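In: please work out how this folds:
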Amino acid sequence: MHEPEKRPPMPPPLSRRHFLMGASAAAAMVAIGNAGAPAAMATSQGTVLPLVAPLPAGRPVRSQFASNEQVLAAYLMILAPLANSVRDIAPNYGWMEDGWQRNPNEPYNARIMEHVATLSWFYANDRTWNPYYRDPALLGRLDAALGHYLSLQHADGSYPEYSPTEHHLSPTGFGTVALSAVLRDLRAAGELYDRRLQIRDALRKSSAWLVDTSRPHWNRPVQFANQVLAGLSGVAEAAHILGEPAVSASVPDRLQILLEDGQAPAGFFHEPVAPDAGYNFEVMLPDLGALYKRLPDPAIIQLAERFAEWWGYIVVMEPGRNEGFILSATSARNIVPTFETTPEDDLDRSALARTLVPHVPALGAFFASSEEKTQARDAWRTSSAPVSPRQKQDSSPRLYMHVPQAPLGVTSAQRNARVAEQRYRQENTFTELRKGTLDQQYVFVRRPGYYTAAVYGVRPNALQRMGTNSFWHPTAGMLALTVNSTGPDDWTTVADTVGTASSRGPVTATHHAGASASGAVISPDALTGYTGVFTTKYVTADGAVRTDVTHRADGIRRVLTTPGASRERIPLIVGTEDQVVFANGTAAPYGQETITVAKGLTLTRGGLRFTIDWGADREAKYAPMDRSYLGNRTHRILTISFSGTLSVDLRVTPVS
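Out: Next up, the predicted model:
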């Protein structure tokens, strides 16, 4: 346990470096910061609180940074503007007023104030490249910011984000992490004794609120799991910094609640009760890693193992590449269509999740290899380019908190082995139905000629897209993919006479043996493991659109039934070298809209041909979209006009 707080001795005399920095700060701030660094408002212009000096010319020097701390260079670039954005006049004395990290940019938004941890880190940590170590001007502004931040805490321990009277989980959980870091730094520096007492009391109160199961964030099912888990991670961190194990004594019990009611049977974490690729992988998973470092509870590994299984179905790598596509239709909050590993520390938001890889080997497929990380860091060190500052709305302290303590990860050989073990690569025939916490079915179908997925059931979030959402081939890669954006880039049937889109509302699905919906019903529990031909019938809530999807060995058939004039929309993923031609011989150039009357379309990639055959001449449009993926893939939307019924066959065959 830590010793009780003791009043520090009188501070030593200022060093020559600190004296010169303080004396020159006000004059230097006439031109704030290095080129490219964001400016700060600076309120009183240093007449009340001294300004923090801009970064000296020629800084930072890349070679001075330890490999695991290179991520801090971009934060060093914004340190002076960040500190000088702390208001030193009324009203709202101490507020970081300059639009940092999170909106709304209001004095009651406690998320903004998490940057006190950034100020305290640079104040307390002595590095050759850090001119702000023990800078008195920085300490003064940190003290003012802490005063404002702590004043935002409600009597029950919670903090607001979107209104002054709000008691919000997110700023309370993430803020507990930030204030724990500040307390650690101030103790190490022996500074601000009275503030340390206030922070200690604030951490005790916020921790008690976070684990209090009478609070709404513990209602069942637990929603916004990433925020709840961040709170538990904050509690564990606070207990460690305070040296008070009792503060986190209830965390194992709360982890059991998350196991039972914060993670769907399918394996995703609730956001709020549906999956979300961004929050699940880049926020929830690294916080599981952070918590595991403080509290190696078996429940954390169980949560991660379940998620790894789910992630292995919805992250689909392109053949021969360690990057690919996310089955975006499943996501409820973030539009995240691609999956790319990130060896660059400035982008590595999931870094601390690598802590879990030794315990959950399957996760090793989803991170840059240790060789790639080392190569990226070596390239950063030797680059002659100026260091780019963090942008105001992309400056979360979580990144520099996580990256330096994250392990490098698995080797390239180990990573490649994990990728090869993904089920859609290992097996050429399977059907897997995974159930949501709500009445949702996530169905993944692998057959020798393709891998496809669909979502059926209720639709609790406006971004989720229902029905068929992808078509991937083991050699050709992704050929059609729904993206959960607001644009017309989802696989859907639009009944124009009634305005119904089959992907944009709840659908009721039944599964049938054989090539039509007249076959024997297959129960959802029996669909997993089914290897034969089967047909899923799904119908929109108003009954306007019925879709029968037959899953054969070589491809799928979609039979659509609507009340009148309608359109079938297929979001194709087209490469720059692909050749797209309508069945009547009309070419569909890469960046050009093409409208014709034809009975089909082919996309040729390498020695394979993806054929979309709708059987009879109908008006069809092939339209480019201003969106690219993975360097050489873009979206092109195929729209087929019809009335009443349409049958569409999709399959991949060798070029003859």
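
In: grab the nearest non-local neighbour of Gln592.
Out: Pro624 (6.9 Å; C-beta to C-beta, 6 or more residues apart in numbering). Any C-beta I mention is one placed from the backbone N, CA and C, and that applies to glycine too.

In: partner residues bridging the one you found?
Out: Applying DSSP bridges to Pro624 yields these beta-bridge partners: Arg636.

In: from Glu577, how far out is it?
Out: Shown here: Pro624 relative to Glu577, a distance of 16 Å by C-beta to C-beta, to the nearest Å.

In: show me where the stretch 101-250 of the chain has strands.
Out: Secondary structure of the stretch 101-250 of the chain (DSSP state E, counting those that start in this stretch): no strands present.

In: so what's Leu259 closest to, chain neighbours aside?
Out: In space, and not counting its chain neighbours, Leu259 is closest to Ala299: 5.5 Å by C-beta to C-beta, 6+ apart.

In: who's more crowded, Pro624 and Glu577?
Out: Pro624 (17 against 10; other C-beta atoms under 10 Å).

In: what sits against that one?
Out: Contacts for Pro624 (C-beta atoms under 8 Å, 6 or more residues apart in numbering) come out as 590-593, 634-636.

In: including distance to His473, could the residues you listed go into a markdown table?
Out: A markdown table is the format used below for the contacts of Pro624 (distance: C-beta to C-beta, whole Å):
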| residue | distance to His473 |
| --- | --- |
| Tyr590 | 20 |
| Gly591 | 24 |
| Gln592 | 25 |
| Glu593 | 26 |
| Thr634 | 18 |
| His635 | 17 |
| Arg636 | 17 |
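
In: who wins for most neighbours among those residues?
Out: For the contacts of Pro624, the largest neighbour count, defined by other C-beta under 10 Å, is 25 neighbours, found at Arg636.

In: that residue reaches Leu572, doesn't it?
Out: Yes - because the distance of 4.7 Å satisfies C-beta atoms under 8 Å, Arg636 is recorded as touching Leu572.

In: overlap of the contact sets of those two?
Out: Taking C-beta under 8 Å, 6+ apart as the contact rule, Arg636 and Leu572 both touch Val580.

In: looks like Lys453 contacts Tyr313 (just checking).
Out: Not Lys; residue 453 is Ala. Yes - here Ala453 lies in contact with Tyr313, judged by C-beta under 8 Å, at a distance of 7.3 Å.

In: ok, how many other residues are close to the residue nearest to Ser85 when sequence neighbours are not counted?
Out: When the adjacent residues along the chain are set aside, Ser85 lies closest to Asp98, with 3.5 Å between them (C-beta to C-beta, 6+ apart). Counted with other C-beta under 10 Å, the neighbours of Asp98 add up to 20.

In: phi, psi for Asp98 please.
Out: Main-chain dihedrals, Asp98, degrees, to the nearest 10: phi -100, psi 20.

In: among the contacts of Pro624, which two are most distant?
Out: Distance extremes for the contacts of Pro624: the farthest pair is Gln592 and His635 at 14.4 Å, using C-beta to C-beta.

In: how long is stretch 486-505 from one end to the other?
Out: End-to-end distance of stretch 486-505 (C-alpha to C-alpha, to the nearest Å): 14 Å.

In: got it, and stretch 528-546?
Out: Using C-alpha to C-alpha, one end of stretch 528-546 lies 23 Å from the other.

In: quick one: distance of it to the chain centre.
Out: Average the C-alpha atoms of stretch 528-546, do the same for its chain, and the two points are 31 Å apart (C-alpha atoms, centre = their mean, to the nearest Å).

In: which parts of stretch 112-126 are buried?
Out: Of the residues in stretch 112-126, those scored as buried under the neighbour-count criterion (16 or more other C-beta atoms under 10 Å) are 112-125.

In: what pLDDT, on average, does that stretch get?
Out: Taken as a whole, stretch 112-126 has an average pLDDT of 98.

In: mind saving the C-alpha coords of that stretch as PDB?
Out: Below are the C-alpha coordinates for stretch 112-126, written out as PDB (Å, rounded to 0.1, in the frame of the first residue of the first chain):
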ATOM      1  CA  ILE A 112     -12.200  17.600 -22.400                       C
ATOM      2  CA  MET A 113     -10.500  17.800 -19.000                       C
ATOM      3  CA  GLU A 114      -9.000  14.300 -19.200                       C
ATOM      4  CA  HIS A 115      -6.000  16.100 -20.700                       C
ATOM      5  CA  VAL A 116      -4.900  17.000 -17.200                       C
ATOM      6  CA  ALA A 117      -3.200  13.600 -17.500                       C
ATOM      7  CA  THR A 118      -1.200  14.900 -20.500                       C
ATOM      8  CA  LEU A 119      -0.100  18.000 -18.600                       C
ATOM      9  CA  SER A 120       0.900  15.900 -15.600                       C
ATOM     10  CA  TRP A 121       2.900  13.400 -17.600                       C
ATOM     11  CA  PHE A 122       5.100  16.000 -19.200                       C
ATOM     12  CA  TYR A 123       5.500  17.800 -15.900                       C
ATOM     13  CA  ALA A 124       6.600  14.600 -14.000                       C
ATOM     14  CA  ASN A 125       8.600  12.600 -16.500                       C
ATOM     15  CA  ASP A 126      12.200  13.500 -17.100                       C
END
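
In: and the strands in the stretch 551-656 of the chain?
Out: According to DSSP E, counting those that start in this stretch, the strands that the stretch 551-656 of the chain contains are 555-575, 579-582, 594-605, 608-629, 633-654.

In: quick test: name the residue nearest the centre of this structure.
Out: Geometric centre of the chain, nearest residue: Gly278, 2.3 Å, by C-alpha atoms, centre = their mean.

In: right, and it touches Arg333 too?
Out: Yes - under the criterion of C-beta under 8 Å, Gly278 is in contact with Arg333, at a separation of 6.9 Å.

In: distance from stretch 63-82 to the middle of the chain?
Out: Distance of stretch 63-82 from its chain centroid, counting by C-alpha atoms, centre = their mean, is 23 Å.

In: what does stretch 60-72 give?
Out: On the basis of C-alpha atoms, centre = their mean, stretch 60-72 is displaced by 25 Å from the centre of the chain it belongs to.

In: quick one: terminal-to-terminal distance for that stretch?
Out: Taking C-alpha to C-alpha, the span from the opening residue of stretch 60-72 to its closing residue is 10 Å.

In: now do the buried residues in it.
Out: In stretch 60-72, counting by 16+ other C-beta under 10 Å, buried: 60, 62, 65, 68-72.
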